[in-house]
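> coords please:
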Amino acid sequence: MSSELRLKKLRGSGGYVMAKVTDEQQTKGNLGGPDLFLAAIGRLDPETVTKYFCNICEKEFEGPPKIEFENPNEEVAENLILAEKGQYICNSCNSTIAEYREFKKQDETGKIGNAKPVEAVVESAPQQVAEPVTQTPQNTVTQPGPVTSVTSIEGRAVYDENANKIGVAKQVGIDATQSMVLVLTKNDGIEGSIPWKSIKKIGEIILLGNPEATTQPGKCSNCGFGNKEGSKFCEECGTKL
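Sure, this is the predicted structure:
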């Protein structure tokens, strides 16, 4: 793979940066669509960033934004360490251009186990999400661990039971049956949804797999989607059941 640097636009939740990146970094930032994402690449050398755009300022600036990071080395799941987390910040208004998190395994040959739940929060969910959720009978929704704010879920990596990253969480929604679902952007760039009851744990990552539950007929082993019993292929991702 070539190590030649190429100038690319790298998108974030609050804007974008123009930076010179290697082919390897491009591969990391490519989630399957036409755009490259800064969150998937992580921390860049500021000298490689030529300019950035801030959505709040609605303006493009020359040079790199501020890059702030810390190395918590926190165990967020069995055999999974949060090695670094950081954000790109506008020099003018201090708003966040993009956030990133980098993980590492303690044992590279081992699998990732249960994720540790986040601390309970009391902040309310955004109005557009909270309103339909209240229409769903409480007893029909399986909550994964303590209550977690909807806003804290956005941007978290979603892993299946086999520790394979399948996408990035986007928001919480309601499907046609009035059941809560996790809406995510899959690795191929296409938006998909996963039944909320298929979430095992929520921490710095979102781990799928019903805790202490028997295998559901029709459940997809790849994305966790609950298909109709007797289905031969997953209606969500097309994987053979």
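
> pLDDT on stretch 58-68, on average?
Here stretch 58-68 scores 96 as its mean pLDDT.

> Stretch 85-99 too?
95.

> Now tell me what touches it from outside.
10-17, 38-39, 42-43, 52, 54-57, 59, 61, 63, 65-70, 72, 100-102, 155, 204 (CB atoms under 8 Å, 6 or more residues apart in numbering). C-beta coordinates here come from the backbone N, C-alpha and C atoms, glycine included.

> in the sheet, who's paired with the nearest residue to residue 71 once chain neighbours are set aside?
Using CB to CB, 6 or more residues apart in numbering and skipping the chain neighbours, the partner closest in space to residue 71 is residue 84 (5.1 Å). Going by DSSP bridges, residue 84 is paired in beta bridges with residue 102.

> Tell me if I'm right that residue 84 and residue 74 touch.
No - if you go by CB atoms under 8 Å, residue 84 and residue 74 don't touch, sitting 10.4 Å apart.

> neighbour-wise, which of the two wins?
residue 84 (17 against 13; other CB atoms under 10 Å).

> Following the record's annotation, map out the domains of this protein.
6-104, 119-241 (automatic domain parsing).

> any chance of the ones you listed in TSV, with distance to residue 110 too?
Below are these laid out as TSV (distance: least, CB to CB, whole Å):
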stretch	distance to residue 110
domain 6-104	5
domain 119-241	9
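
> Buried ones in the strand or helix carrying residue 82, by neighbour count?
Element membership for residue 82 (DSSP states H and E) is strand 80-89. Buried residues in strand 80-89, counted by 16 or more other CB atoms under 10 Å: 80-82, 84-89.

> Check stretch 223-235 too.
Judged by neighbour count (16+ other CB under 10 Å), stretch 223-235 contains these buried residues: 223-227, 234.

> And the strand holding residue 82, how far out from the chain middle?
Its chain's C-alpha centre and that of strand 80-89 lie 13 Å apart, by CA atoms, centre = their mean, to the nearest Å.

> ok, for residue 240, nearest residue in space, not its chain neighbours?
Nearest to residue 240 is residue 233, by CB to CB, 6+ apart, at 5.7 Å.

> again, but for residue 181
residue 193 (4.2 Å).

> For that neighbour, name its beta-bridge partners.
Bridge pairing for residue 193 - DSSP bridges - gives residue 183.

> check contacts around it.
173, 175, 181-184, 225, 236.

> Lowest average pLDDT across the domains of the chain?
domain 119-241 (a mean of 66).

> What residue, apart from its backbone neighbours, is nearest residue 50 spatially?
residue 18 (4.9 Å).

> what sits opposite that neighbour in the beta ladder?
In beta-bridge terms (that is, DSSP bridges), residue 18 pairs with residue 9, residue 51.

> Wait, it touches residue 44, no?
No - Residue 18 is beyond contact range of residue 44, at 10.9 Å (criterion: CB under 8 Å).

> For residue 28, state which of the buried residues of stretch 223-235 is nearest.
Taking CB to CB as the measure, residue 28 lies nearest residue 223 of the buried residues of stretch 223-235, at 21.4 Å.
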